[in-house]
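> Next input, structure requested:
(chains A and B)
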Amino acid sequence: MSRPLEGIRVVELGTFVSAPYCGKLFAGYGAEVIKVEPPGGDIARAHGPFPGNKPDPEASALFLYLNTGKRSVVLDPRDPGQREALLRLVETADVLVENYRPADLRALGLDYATLSARNRRLVMVSITPFGQTGPYADFRGNNLVAFAMGGQMYITGTLEGGPLKNGGYQADYQGGLNAFSAGMLALLAAERDGTGQHVDISVQRCMAPILEASIPYYCYLGQWNGIRRGNHMASFIGIYPCADGHIGIHLMPRNWKPFLDVIGRPDLAEDPRFATQADRVAHNDELMAELYAWAATETKHDLYRRAGAGRAPVAFVHTMADLLESPQLNARGFLQRIDHPVAGEAVYPGPPWWMGPGDWDTGRAPLLGEHTEEVLGGLPR
Amino acid sequence: MSRAPLDGIRVVDLTMVWAGPMGTRLLGDYGAEVIKVESPRQWDLLRALGLIPRDVPRWYNRSAYFNHNNRNKYAISLDLGHPLGRQAVLDLCAKSDILVENYRSDVMDNLGLSYETVRAVNPRLIYVSMPGHGKSGPEKDYVAYGSNVEQLAGLVSISGYEDGEPMKTGFSYGDPMAGTALVGAVAVALRKRSRTGEGCYVELAQRENLTMFVGELLVGYCLTGELPRPMGNRHPRIAPHNVYRCAGDDRWVAIACETDDQFRALCTVMRRPELAEDPRFIDAVARKQHEEELDREVAAWTAQRGHYEAMYILQRAGVPAGAVLTTPELVADPHLRATGAWVEHTHPDAGTWEMEAPPWVLSRTPGHIRLPAPGFAEHNDWVFRDVLGYDEKRISELYGASVAADAPDESLHR
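Below you'll find the model as predicted:
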C-alpha cells in the first residue's frame, strides 16, 4: 500500500540528532530519504551505545534509531567534484533537511541562495540552535547550550542542585519535530504553488514560549515565579518513591476523591486540612508527608492498574525495561522489532502518530555509503 | 503576498487546556481557519487560569495563558451533549477539513461523534484524536495529565542529577510536543487526502509521541542490556559538559566542549593554557575520566563572571556556551528580540502586551497573527448564520435550549 509521502524525495545533510529525527519522520511516512554522509559518516555513528560496548560505526544505537528507513550516500562536499554531485542530487529533491552552522554551510557553498538557484521547487529546512539570522546565528551550540538558552533548563531540577537538563537529547528532538511540522507545511505550499522556500528553525525560539504559563504571565501580568521545584509542583503534582520504583500523581481538584478511594484513605477526605485544593496548598508539607508514607507501601504495577480502574491520574516512572514490557505499548504495536546485519535485532518505538494501516513503515538504518552507487548512478545525466 | 500553507483549510477545534489548543493555534498561525467549540458549561480551563480577579468584567476573556494558545481562532459555544449541539457540530464538520479533539478516549463515542459518524457526513474530513494513551489497549481509559505523560514515556527515568532520583521536567512537557506534532500529522494527512481524495482518522497518543524522544535509549537497552541512568548535565563521552555557577544570584552558564580545539580555546580564555597540555585533560577520554577536577577548574573561572559575559567571551573564542536564561531574560534576550520572536499584540478585552510570534520562519509564506484570541462565544453569530446558514428560528432554538450562550456559566471555574 502506498504511504502518504510517497513520491517525495528528501535529501538529508543531517548530523547527530535534530535533522536526522526530522528525516526519520519523513522516511517513516513514505518519503524517499537520502542521507548524505561525509566520508567518516554521521558522528552519531561514533556515539553508541554499542552491543558489547565495542565501538562500531554500524552498531551505534543512536544512529540506528535516528536513521531508520533512509538510504546512505557518502559525499565529501569539500571536494569540488563531489560537491557538484551533491548539487545534482539536490536538483532532484523536494526537500533538503540540514543542521549545519550557517557560516559552515555558506563556506561549503551550500546556502539557500545557491541551492534554490538550481531547484526553485526546493523546500530547504534548516535546524540550528539560534536560527539563520541575528546576533547569535553563528554561535556554536548543541543540545546542552540550547537547553540553557531556551529557558527549559532554568526551571528543571532543584533550587539547590542547580539548573538541570532533561535526559537524552531533548532540545535536539524538539528541533527535529518542529522542523518536520514546519517542513511539511512548506511542502504542501510547494506542491500547490510549484515554488519552494527556506524554513528557518531556531531551537531557542521553539523552546522559549512553551514554559507552560510562564511567558504569558510575565508578559501580560509582569508576574514571574520561576524557581526550580524539583519533583513537586505541589504535594499533589509530583513524583514519590514507592517500594519498587517511583510513581507520579497529577491531581486536579476533581481527582481528589477518586484518588483517595484508590489508595484506600477515605479518612483524608474528612480531614479539614485537605478539604479543598486551597486547603491542600495551605497544608502542603503535611500532605506531602502523608503521601511519602503512603507511596512507600505501594508497588508500581499494582498501583497503576488500580488507579487506572479508579480513574485517578497516577502513573509510574517507566524505565526502558518497563517500556519494553508495557502491556499498552505492546498491545498497540508501538514496539517494532527491526533487524540489522551488524547490530542485530532491537525494539524501535513508532510511529509518533497513527494514520492508517501501512502508513508508517521503517526499514533498518543504512550502512555507511550503502546506496552511493545506486543513488548517484540514477541521477539524470 | 503568497498564500499561507493552510489557506482555505477549516478546522473544527474541540480541544481544551494546552496540547490541543497550542497545536490548533499553530495551524491558525500558518493560515487555517480554526473554529473553537466550547460548551457554555464545560469551557476551556485556561480561561480560568489567567490570575484575573473574578470581579473584572469578562475576566474569562483576559487570561493570557488562554490568549497565547488560542489566537488566530474563532470561537462558538455549543453543548455537544445536547442533540441540537451535536447536530450543529456535525453540520460544521460537513463544511470543514479537519476536526481535532483531545478528550479522554471514550468521550467522543459517548457523544455520538465517533469517526464513523463524522465520516458519514463528510468523507473528506481528517479527524484527529489526541488521547494520552491512545484509543485502544488495556490502558486506554486511564487518566493521564501533563506530568504523567513524561513518566510513561521513559523520559523521567533517565532525567535527574547524577546518581539521584528520577526527575520531572519543569513543565508539562508532553503537551507542547503533542501540539507541535499535531501540525505535522495534519499536514501529512492533507497530503494523503490530496492523493486519495478521502479524509482519514489520525490518532496521536501523547505518551507515544513523547516516547519517540527517548528511542535511542530503548534501542540501546536492547543492544546492551544496560539500563541508562540519570547523569545530570553530563554527557556519556565528552567533558567539560555541564552548567557552572556564575556571579550573581542563581546565575549559570552551560559549557560543552565537543573537540580538543574547543577545549584548548576554553583554556586560553581562562588564561590557563597549561591545562590543555595536562595529561589529565589531554583528550576526551582523559577529560571524561578527570571530569570532577576539570569541572572545578572551569567553575573557578565562571564564578568571576556574569552568565551572559561568560557566554560572549567563550563564544567569541569558538567554545559552545550558553547562559541559562530565566523567563524575564528570554523576553529581554537581544537575539530573540532582534529576530522578532516577541511581538506586540492587542486584544479587545485584554489590552496590549507582547506574545510569541509564530515559531517557524517560512521565507515565502510566513506565519502571521491575524486574530486575537476569541472571547467566549464571540463568533456564534457569524458561524451560525454565515458558515452554517441557520435561520433566526434555528438560532433561537439553540439559545432557548441553552445549547448556545453568549456568556459562560461562571460557576464552573469560580
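> Every contact and neighbour count from this point should use C-alpha atoms.
Will do.
> Show me how chain A divides into domains.
Per automatic domain parsing, the domain ranges recorded for chain A read A:9-209+A:346-377, A:232-325.
> Also chain B?
Here the domain assignment for chain B is B:10-213+B:340-413, B:241-332, based on automatic domain parsing.
> Tabulate those domains (JSON lines), appending mean neighbour count.
JSON lines is the format used below for the domains of chain B (neighbours: other C-alpha atoms under 10 Å in any protein chain shown):
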{"stretch": "domain B:10-213+B:340-413", "mean neighbour count": "21"}
{"stretch": "domain B:241-332", "mean neighbour count": "19"}
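> Make CSV out of those domains and add distance to A:Ser235.
What follows is the domains of chain B, written out as CSV (distance: least, C-alpha to C-alpha, whole Å):
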stretch, distance to A:Ser235
domain B:10-213+B:340-413, 13
domain B:241-332, 24
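> Can you name the residues that contact residue 66?
No chain was given, so I picked chain A. For A:Leu66, the contacting residues are A:Val17, A:Pro20, A:Tyr21, A:Lys24, A:Ala365, B:Glu216, by C-alpha atoms under 8 Å, 6 or more residues apart in numbering or on different chains.
> Chain B is the one I meant
B:Leu46, B:Arg47, B:Leu49, B:Gly50, B:Ala373.
> give me the subset of these touching chain A.
B:Gly50 (C-alpha under 8 Å from any C-alpha of the partner chain).
> and the two most separated of the contacts of B:Phe66?
Within the contacts of B:Phe66, B:Leu49 and B:Ala373 form the most distant pair, 15.0 Å apart (C-alpha to C-alpha).
> can you give me the strands for the chain?
Using chain A here. Using DSSP state E, the strands of chain A run over residues A:9-13, A:32-37, A:71-74, A:95-98, A:123-128, A:197-202, A:232-234, A:237-242, A:245-250, A:314-316, A:335-338, A:346-349.
> nope, chain B please
Using DSSP E, the strands of chain B run over B:10-13, B:33-38, B:73-77, B:98-101, B:126-129, B:201-203, B:241-245, B:252-256, B:321-323, B:342-347, B:351-356, B:361-362.
> how close does A:Val203 sit to A:Ala171?
As judged by C-alpha to C-alpha, to the nearest Å, A:Val203 and A:Ala171 stand 7 Å apart.
> Please apply the same query to B:Met355.
Look at B:Met355 and A:Ala171: by C-alpha to C-alpha, they are 22 Å apart.
> does chain A sit close to the helix ranked longest in chain B?
Counting by DSSP state H, the longest helix found in chain B is helix B:174-196. Yes. Helix B:174-196 lies within reach of chain A by C-alpha under 8 Å from any C-alpha, at B:176-177, B:180-185, B:187-189, B:191-192, B:195.
> Ok, stretch B:87-105 next?
No. Using C-alpha under 8 Å from any C-alpha, stretch B:87-105 stays clear of chain A, with a minimum separation of 10.8 Å.
> again, but for stretch B:123-138
Yes. Stretch B:123-138 lies within reach of chain A by C-alpha under 8 Å from any C-alpha, at B:His133, B:Ser136, B:Gly137, B:Pro138.
> Between the residues you listed, which sits nearest B:Val118?
Once C-alpha to C-alpha is applied, the member of these that ends up nearest B:Val118 is B:Ser136, at 19.3 Å.
> Report the spatially nearest residue to the closest one, omitting neighbours in sequence.
Closest residue in space to B:Ser136, ignoring its immediate chain neighbours: A:Arg332 at 6.8 Å, by C-alpha to C-alpha, 6 or more residues apart in numbering or on different chains.
> in the chain, what spans have low per-residue confidence?
Answering for chain A, as no chain was given. For chain A, the stretches with pLDDT under 70 are A:1.
> oops, chain B please
B:1.
> in it, which residue is closest to the centre?
Taking C-alpha atoms, centre = their mean, the centroid of chain B lies closest to B:Pro176, which sits 1.9 Å from it.
> Thought B:Thr24 was touching that residue, still the case?
No. Using C-alpha atoms under 8 Å, B:Pro176 is not in contact with B:Thr24; the gap is 11.3 Å.
> Could you pull out the helices in the stretch 301-414 of chain B for me?
For the stretch 301-414 of chain B, the helices defined by DSSP state H, counting those that start in this stretch cover B:307-316, B:327-332, B:334-338, B:380-381, B:392-400.
> How about the stretch 1-150 of chain B: which residue is closest to chain A?
B:Tyr142 (4.4 Å; C-alpha to the nearest C-alpha).
> Roughly how far does that residue sit from B:Tyr115?
21 Å.
> and if you look at B:Glu292?
Counting by C-alpha to C-alpha - B:Glu292 and B:Tyr115 are separated by 57 Å.
> now do A:Thr156
From A:Thr156 to B:Tyr115 the distance is 39 Å (C-alpha to C-alpha).
> I'd like the domains of chain A laid out as a markdown table, including distance to B:Val403.
Listed next are the domains of chain A as a markdown table, based on distance: least, C-alpha to C-alpha, whole Å:
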| stretch | distance to B:Val403 |
| --- | --- |
| domain A:9-209+A:346-377 | 33 |
| domain A:232-325 | 24 |
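> Name all residues that make contact with B:Cys257.
Per C-alpha under 8 Å, 6+ apart, neighbours of B:Cys257: B:Ile238, B:Ala239, B:Pro240, B:His241, B:Phe263, B:Val319, B:Pro320.
> out of those residues, who's near chain A?
B:His241, B:Val319, B:Pro320.
> quick one on the thing from earlier: and the contacts of B:Cys257, which is closest to chain A?
Chain A has its nearest neighbour among these in B:Pro320, at 4.7 Å by C-alpha to the nearest C-alpha.
> Neighbours of the closest residue to the closest one other than its chain neighbours, how many?
Closest residue to B:Pro320 apart from its sequence neighbours, by C-alpha to C-alpha, 6+ apart: A:Arg140 at 4.7 Å. By other C-alpha atoms under 10 Å in any protein chain shown, the residues close to A:Arg140 number 23.
> ok, back up a step: find the pair from the contacts of B:Cys257 with maximum spatial separation.
Across the contacts of B:Cys257, the longest distance by C-alpha to C-alpha is 13.7 Å; it joins B:Ile238 and B:Val319.
> overlap in contacts of the two?
Residues touching both B:Ile238 and B:Val319 by C-alpha under 8 Å, 6+ apart: B:Ala256, B:Cys257.
> can you redo the strands of chain B as a markdown table with distance to B:Arg296?
Below are the strands of chain B laid out as a markdown table (distance: least, C-alpha to C-alpha, whole Å):
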| stretch | distance to B:Arg296 |
| --- | --- |
| strand B:10-13 | 53 |
| strand B:33-38 | 53 |
| strand B:73-77 | 52 |
| strand B:98-101 | 51 |
| strand B:126-129 | 50 |
| strand B:201-203 | 49 |
| strand B:241-245 | 9 |
| strand B:252-256 | 13 |
| strand B:321-323 | 17 |
| strand B:342-347 | 37 |
| strand B:351-356 | 38 |
| strand B:361-362 | 40 |
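> ok, the residue lying closest to B:Ile52 once chain neighbours are set aside to A:Ile210 distance?
On the basis of C-alpha to C-alpha, 6+ apart, the spatially nearest residue to B:Ile52 that is not a chain neighbour turns out to be B:Trp59, at 6.0 Å. Separation of B:Trp59 from A:Ile210 (C-alpha to C-alpha): 23 Å.
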